[in-house]
Every structure is written in C-alpha cells, then in structure tokens.
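Novice: Would you be able to build a 3D model of this:
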Amino acid sequence: MNLIKSTGTFSFFTIISRLLGYARDILIAVFLGAGSFADAFFVAFRIPNTFRRLFSEGTFNAAFVPSYSSLLNNKKVSQKFANNIFTLLTIGLFFLVLVIEIMMPLFVFLIAPGFEGDYQKMELAIKLTRITFPFLMFISLASFFSAILNSHNKFAVASAAPIILNILLIGVLFFGKILNDQLVYYLSYAVTISGILQIIFLYFFVKKYFSPKMNFSFKIDNKIKVFFRKLIPSIFSSGVTQINILVGTIIASFQASAVSYLYYADRIYQINLAIAGVAIGTVILPQLSKHVQSNNKDKIKLIQNKALELSLFLSIPATVALIIASEEIISSLFGYGSFDELSVKNSAKALFYFAAGLPAFSLIKVFSTFFFARHNTKIPFYISLSSVLLNIFISIIFFKEIGFIIIPIATTISSWFNAFCLFVFLKKENLFSFNLIFISKFAKILIASILMGIFFNYIIYFFNDKLVYHENLKAIYLISAVMSGLIFYLLTSFLIKAFKRSDINLEY
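Specialist: Sure, this is the predicted structure:
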C-alpha cells in the first residue's frame, strides 16, 4: 500500500464532497442566515450528521476493520462474521430509530434545551428531527458497507458516497425562493432520502466482496462479543471531536443564533480534518492492523511516523491560514443574503478558536488508530471521556460570562489535552517511537508553515479591500489568496525538503 496515494484517493472524493458542502452551506446562509429557522434545521441536521461522522469517519472502521481483516484469509468465516454484524446492526438501529421517533420531544429537549423558551422553534426542531432521524439507520448501514470496502483497501467509493447528500441538498436549495418557509422541511426529507441512496450506491460495489444477508438463527460467538465491546469505546474515542461539537450545540442552544454560528465555523475546518485526520486514520488502519498481527515492527514504526508526519504537514499550515484570515474566510464563503455582518463576525470568532485546535483534532484521529490497530479501544475511550468532561466543565463554568465563544475554546483545550494524553500512553506502552526522519521533517514543516503564514498574511492584506462584507466578488479573491498560499507552501516544502518526491512512491 502507498500511504500518500491511498490518502490522496480518499482525500480527492472527500474534498469534492466538502466543496459541494460549502456550496450547500452558502445557499443555506443565503436563504436561512443565522435565525430561528436555521437553528432548528441545524439541530435536526446535526443529530443524524453527527452519527454519520461518528460511523463513517473512522469509528466503525476502528472496531470492524481489524476484526474483519484478520478473517479475510478464510472467506466463509469472514462472510459469516460480517453477516452476523450486519443483522445485529440492522435490528438494533431499527429499534433505536423507532424509540427515538416516539420520544422525539424529550430527545430534542435533551439536545437543544435552550429552545424550551421558544415554543415555535422547539416544535419546528421536533418536526424536522423526526424527518431526518431515519438517516441515522441508513447512513450507519452505509458505513458498514464502507468498512467492508476499506478492509479490502478500496477507499474511493466509500469516500465518494457522501457526495450524494450534498447534491440532493443543493438541488433542493435551488428552489429556495419558491419554497420559502417550507424549505427546511424539504431539506430534511432530502437528508433521509440521501441515506437510502448511499446504501444503494455502495451495494453495487460491496457485493463483489460481501453478500449482505439477514441471519436470525446465529449464536453470538466470541468474535461478535469482542466487536461490540470495541464498538462502544471506539465511538467515543474516535469520534470525540464530533461529540465535543454536539456538546457545544447543546450548550449553544441557550443563546440565540449561536448554534448557527458554530455550525458555519465548524464547516470550514472540517475539510482539513477530513484529510489530515480522518483520511489518514482510515487508510492506515487495515495495513497497520496487518503488520501488527504479523509483528513487523519496522513496518509499524514506518507507517506510524509517516502517518503522523503527513497529518502535521497538512494540519499545521491550515491552522496558520485559518487563524490569520478567519473573518475574511467566513465573509467570503457565507457573507451573502440573510447572513449579515454580525453573523460573519461571530462565526469568525468561533473559527479562530476552532482553528487553534485543528492539529489536535487530527492527532487524535491518528493516535487513536495506533491503538485500534492493536484492538485496544479502552485507553482511547477513557482519555476521550476525560476530554469530554473537561470540555463540558469549561463550557458550563464560563458560558454565562463569555457566551457561545467559550465552546470552541473549550473544544480546543480539551482536544489538546486528549492528544497529549494519547501520546503519553503510546510512549508508556511502547506502542510508538519517533524515528530521526520524522524529527527532521517536523522541524522543516514548522519552518515552511511559518514562511507560508508570513506570505499569506501579506496576500490577505493586499486583497483586504476586496474581501470586505459588501464586496460581491470576495470569494474569487479569497480563492486566489488561498491558492497562492498553498502553492507557496508546497514550493517551500520541496525546497527545504519538508516533503520529497520519493515520499509519493514509498510503499508501506
């Protein structure tokens, strides 16, 4: 396996999906802005979408891929194991969705307790969440199919499936003016329909490796017990960033429009996280699990160091750029129609503090994978639990004084705490060690990122009058500035050898 090429394949479709997601969110900002309709829809969308991220962005892989990959030498055994998991997931998800649908008023109150004082917003959120919640079942089963494909080192199709969601939502948003207040309902139906279409899309590719069948007569053997014992901790540990964001949404519901501010900020840094953390973690897991099983220590060390190096190579310059131009980025991407200047400033503040945690978000994904490849989900789970509790403590203590901005601050602090603890335990358990190449590359990555930051800051200053809220072509100037900074960073990296051509063809 070639880490960079496989990550590039995964990242290509992920970037397409995220760019379509930006187009979707620009249209949402135009038609809904950051008002009560937007808050209600984002709560309804956040709940199933959080589960989508939890399942499809590494969590299900973390529990399933090592177990399934270890059985691939015996097709009959691996098929039986996968079908048993498929059956239990389908039954469990069906009843979960059914129970939540019945208890939706209580469920929405728990997710958005701040809406309680606004009857209309609460009722709207309940109706919309009832429409979107079945998406949870469909996307979780789609993630199961994706995990099968990832186990066979087929990453393109799985990473392309989320594009369907964005295409459907954009299609609905084109009729935004006609639909008016009904727009949020049509968007919610599109969310659930996209889940069904993703299952159908993935089935055409997964049937080459796996034939899904409902099996009601099997016994729960040790392999299944081990899988589910790993699944719950891995949901918490691999998806800790998404859980922290969900916690932030709950707390933000007490402040008008804060849910929307956080949503728009979250959308910006997620594209880098998807590449620097999720893509790398997903790609290395099958191969790392294989080398752990064969106890190939040289390969394990090489993959781990290269994964960490690539994660930092992608996340550090993104952090620098987002901190420098948080307001210009938010204004250029979302500053249209109903999304006013106050919304831009508040979303930009949130983005600034989220950006400071971006390397930590990525490191959590990568470090957690080092544990998951060894079937160890307990240590990441306990660390993630501590991180979430720290996040909640900071957010609640300072929310009244600082307002919604404490949420990205708390998320960033707790994420750095999480990443540091994972690193300490990896070293303590002798599961990771730096090689000399990484230490040299890390220093060069820092130098290249600093130089890029100086150059990017100059470009933003040069385009300053073109990036203001009232400028109609600001998105074009922002793209020009970002591309200039990206080219400068890549050229600098090659010149000082922070990244070499030989890295592209290196096999793992």
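Novice: Going by C-alpha atoms from here, please, whenever you check contacts or count neighbours.
Specialist: Noted.
Novice: Strands of this protein, start to end?
Specialist: Remark: no strands are assigned in the chain by DSSP state E.
Novice: Poorly predicted segments of it, please.
Specialist: 1-11, 33-35, 51-62, 218, 234-242, 272-279, 281-286, 500-508 (pLDDT under 70).
Novice: and the gap between the residue sitting furthest away from the middle of it and Asn457?
Specialist: Using C-alpha atoms, centre = their mean, the residue of the chain lying farthest from its centre is Ser217. It sits 36.3 Å away. Relative to Asn457, Ser217 is positioned 63 Å away (criterion: C-alpha to C-alpha, to the nearest Å).
Novice: what's the answer for Leu390, then?
Specialist: 34 Å.
Novice: Equivalent analysis for Leu446, please.
Specialist: Leu446 sits 16 Å away from Asn457, going by C-alpha to C-alpha.
Novice: Tell me how many other residues surround the closest residue to Ser326 other than its chain neighbours.
Specialist: Excluding its sequence neighbours, the residue lying closest to Ser326 (C-alpha to C-alpha, 6 or more residues apart in numbering) is Ala348, at 5.2 Å. Around Ala348 there are 25 other residues, counting by other C-alpha atoms under 10 Å.
Novice: Quick check, Ala348 in contact with Ile324.
Specialist: No. Contact criterion C-alpha atoms under 8 Å: Ala348 and Ile324 do not qualify, at 10.8 Å.
Novice: what residues are up against Lys154?
Specialist: Residues near Lys154 by C-alpha atoms under 8 Å, 6 or more residues apart in numbering: none.
Novice: and the gap between it and Phe86?
Specialist: 19 Å.
Novice: Break down the stretch 151-300 of the chain into its helices, ranges please.
Specialist: For the stretch 151-300 of the chain, applying DSSP state H, counting those that start in this stretch gives helices covering 156-160, 163-173, 176-179, 183-206, 222-238, 240-252, 258-273, 280-293, 297-324.
Novice: can I get these in JSON lines with mean neighbour count and distance to Ile28?
Specialist: Converted to JSON lines, the helices of the stretch 151-300 of the chain look like this (neighbours: other C-alpha atoms under 10 Å; distance: least, C-alpha to C-alpha, whole Å):
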{"stretch": "helix 156-160", "mean neighbour count": "22", "distance to Ile28": "22"}
{"stretch": "helix 163-173", "mean neighbour count": "20", "distance to Ile28": "7"}
{"stretch": "helix 176-179", "mean neighbour count": "14", "distance to Ile28": "9"}
{"stretch": "helix 183-206", "mean neighbour count": "20", "distance to Ile28": "10"}
{"stretch": "helix 222-238", "mean neighbour count": "20", "distance to Ile28": "29"}
{"stretch": "helix 240-252", "mean neighbour count": "23", "distance to Ile28": "18"}
{"stretch": "helix 258-273", "mean neighbour count": "23", "distance to Ile28": "10"}
{"stretch": "helix 280-293", "mean neighbour count": "24", "distance to Ile28": "30"}
{"stretch": "helix 297-324", "mean neighbour count": "21", "distance to Ile28": "22"}
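Novice: of all these, which lies closest to Ala63?
Specialist: Smallest distance to Ala63 across these (C-alpha to C-alpha): 5.1 Å, for helix 222-238.
Novice: Which elements pack onto that closest one?
Specialist: Other helices and strands packing on helix 222-238, by 3 or more C-alpha pairs under 8 Å, 6 or more residues apart in numbering; DSSP states H and E, are helix 60-69, helix 75-102, helix 358-372, helix 378-402.
Novice: Send over it as CSV, restricted to the C-alpha atoms.
Specialist: Extracted C-alpha coordinates of helix 222-238, given in CSV (Å, rounded to 0.1, in the frame of the first residue of the first chain):
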residue,chain,number,x,y,z
ASN,A,222,-16.8,-14.6,21.0
LYS,A,223,-15.8,-12.7,17.8
ILE,A,224,-19.1,-10.7,17.9
LYS,A,225,-18.8,-10.0,21.6
VAL,A,226,-15.3,-8.7,21.0
PHE,A,227,-16.5,-6.5,18.2
PHE,A,228,-19.3,-4.9,20.2
ARG,A,229,-17.0,-4.5,23.2
LYS,A,230,-14.7,-2.5,20.9
LEU,A,231,-17.5,-0.6,19.1
ILE,A,232,-18.9,1.4,22.0
PRO,A,233,-15.5,2.7,23.3
SER,A,234,-14.4,3.4,19.7
ILE,A,235,-17.5,5.5,19.1
PHE,A,236,-16.5,7.7,22.0
SER,A,237,-12.7,7.8,21.4
SER,A,238,-12.5,8.0,17.6
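Novice: how far does it sit from the chain's center?
Specialist: 20 Å (C-alpha atoms, centre = their mean, to the nearest Å).
Novice: same thing with stretch 333-340?
Specialist: With C-alpha atoms, centre = their mean as the basis, the mean position of stretch 333-340 lies at 24 Å from the chain mean.
Novice: what's the span of it, first residue to last?
Specialist: Stretch 333-340 end-to-end distance (C-alpha to C-alpha) = 12 Å.
Novice: buried set for that stretch?
Specialist: Buried residues in stretch 333-340, counted by 16 or more other C-alpha atoms under 10 Å: Leu333, Phe334, Gly335, Tyr336, Ser338, Phe339, Asp340.
Novice: from memory the fourth one sits against Ala29, does it?
Specialist: Yep, that's Tyr336 we're talking about. Yes. Proximity of Tyr336 to Ala29 meets the contact threshold set by C-alpha under 8 Å, at 7.0 Å.
Novice: To Leu478, which of the helices and strands packed on helix 222-238 lies closest?
Specialist: helix 358-372 (20.5 Å).
Novice: for that closest one, packing partners?
Specialist: helix 60-69, helix 222-238, helix 258-273, helix 280-293, helix 297-324, helix 378-402, helix 406-428.
Novice: now the angle between helix 258-273 and the longest one, please.
Specialist: Spelled out, that is helix 297-324. Angle of helix 297-324 versus helix 258-273, following axes from the mean of the first three to the mean of the last three C-alpha atoms, to 10 degrees, is 140 degrees.
Novice: Check the first one too.
Specialist: Between the axis of helix 60-69 and that of helix 258-273 there is an angle of 40 degrees, by the same axes, to 10 degrees.
Novice: my read: Ile364 touches Leu422, true?
Specialist: Yes. Using C-alpha under 8 Å, Ile364 is in contact with Leu422, at 7.4 Å.
Novice: In this protein, spot the helix with the most residues.
Specialist: In the chain, taking DSSP state H as the definition, the longest helix is helix 3-32.
Novice: what's the spacing between that one and its chain's center?
Specialist: 11 Å.
Novice: Now do it: which elements does it pack against?
Specialist: Packing partners of helix 3-32 (3+ C-alpha pairs under 8 Å, 6+ apart): helix 156-160, helix 163-173, helix 258-273, helix 280-293, helix 326-334, helix 501-504.
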